[in-house]
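Trainee: using only what follows, build the 3D model:
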Amino acid sequence: MSTQETTKWAVDPTHSKIGFKVKHLMISNVLGSFREFEGEVTTVGNDFSKSEISFSLKTASVDTEIADRDGHLKSGDFFDAENFPTITFNGSGLKDLGDDLYELTGDLTIKGITHPTTLSVEFGGVNADPWGNIKAGFAITGKIKRKEWGLSWNAALETGGVLVGEEVKINCDIELVKKG
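Mentor: The predicted structure follows:
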């Protein structure tokens, strides 16, 4: 990217949410989020289809609204927050599918394991807030198989099946603020 044409954007944590859900007992979902995260996007002008994306979150900030469960998720059975304090995503491409829909590809790293990952993105648009800050909004969704990143803890159920689902659904609402 040419330095003269680039625009820097930062994730606005007060207007963004990083959420997920996982099946519990194969019958319902447990919802969670991460409270501490940051990200930066570099675009050519306001063209997000030509962007560089870097994002990280703190694994110890996981929040399912149940302290005991959060403690288990931070342990070595899952995120091992002490040894792996961050999850990162580095976007390598944003393909314009039309109608404000995009396909985001990049490398997702959890517990030191990196895999290429594709996410769906809906672009909400660009607007100025009452203080003159330029903002851009995105809804990001996707699915990953948690065992591919070493998140393999589980318990078998007497009736068959498992306690924690294999598939994790990602659901994020991101607001970026233009930095220059």
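Trainee: alpha carbons only for contacts and neighbour counts from here, please
Mentor: Noted.
Trainee: what about Asn29, which helix or strand?
Mentor: strand 28-34 (DSSP states H and E).
Trainee: now that strand: buried residues?
Mentor: Gly32, Ser33, Phe34 (16 or more other Cα atoms under 10 Å).
Trainee: would you map the helices across the chain?
Mentor: Along the chain, the segments classed as helices by DSSP state H run 67-74.
Trainee: pick out the residue nearest the middle of it.
Mentor: Geometric centre of the chain, nearest residue: Ile18, 5.5 Å, by Cα atoms, centre = their mean.
Trainee: not counting its neighbours along the chain, what's nearest it?
Mentor: In this structure, Ile18 finds its nearest non-sequential neighbour in Cys172, 4.6 Å apart by Cα to Cα, 6 or more residues apart in numbering.
Trainee: what of Lys135?
Mentor: Nearest to Lys135 is Val177, by Cα to Cα, 6+ apart, at 4.6 Å.
Trainee: now do the contacts for the one you found.
Mentor: Trp9, Ala10, Val11, Asp12, Asn133, Ile134, Lys135, Ala136 (Cα atoms under 8 Å, 6 or more residues apart in numbering).
Trainee: can I have the buried ones of those as a ChimeraX selection?
Mentor: To isolate the buried subset of those in ChimeraX, counting by 16+ other Cα under 10 Å, use the following:
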select :9,10,11,12,134,135,136
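Trainee: in strands, which of the contacts of Val177 fall?
Mentor: Trp9, Ala10, Val11, Ile134, Lys135, Ala136 (DSSP state E).
Trainee: farthest-apart pair in those residues, please.
Mentor: Spatial extent of the ones in strands among the contacts of Val177 (Cα to Cα) is set by the pair Val11 and Ile134 at 12.1 Å.
Trainee: circling back to that earlier point, what lines up beside the strand holding Asn29 in the sheet?
Mentor: As defined by DSSP bridges, the strand partners of strand 28-34 come to strand 17-24 (antiparallel), strand 62-63 (antiparallel).
Trainee: comparing those strands, which comes out most buried?
Mentor: With neighbours defined as mean count of other Cα atoms under 10 Å, those peak in mean count at strand 62-63, which reaches a mean of 21.
Trainee: so what's the model's average confidence on that one?
Mentor: Across strand 62-63, the average pLDDT comes to 97.
Trainee: which residues touch it?
Mentor: Residues outside strand 62-63 that contact it (Cα under 8 Å, 6+ apart) are Gly32, Ser33, Phe34, Arg35, Asp70, Leu73, Lys74.
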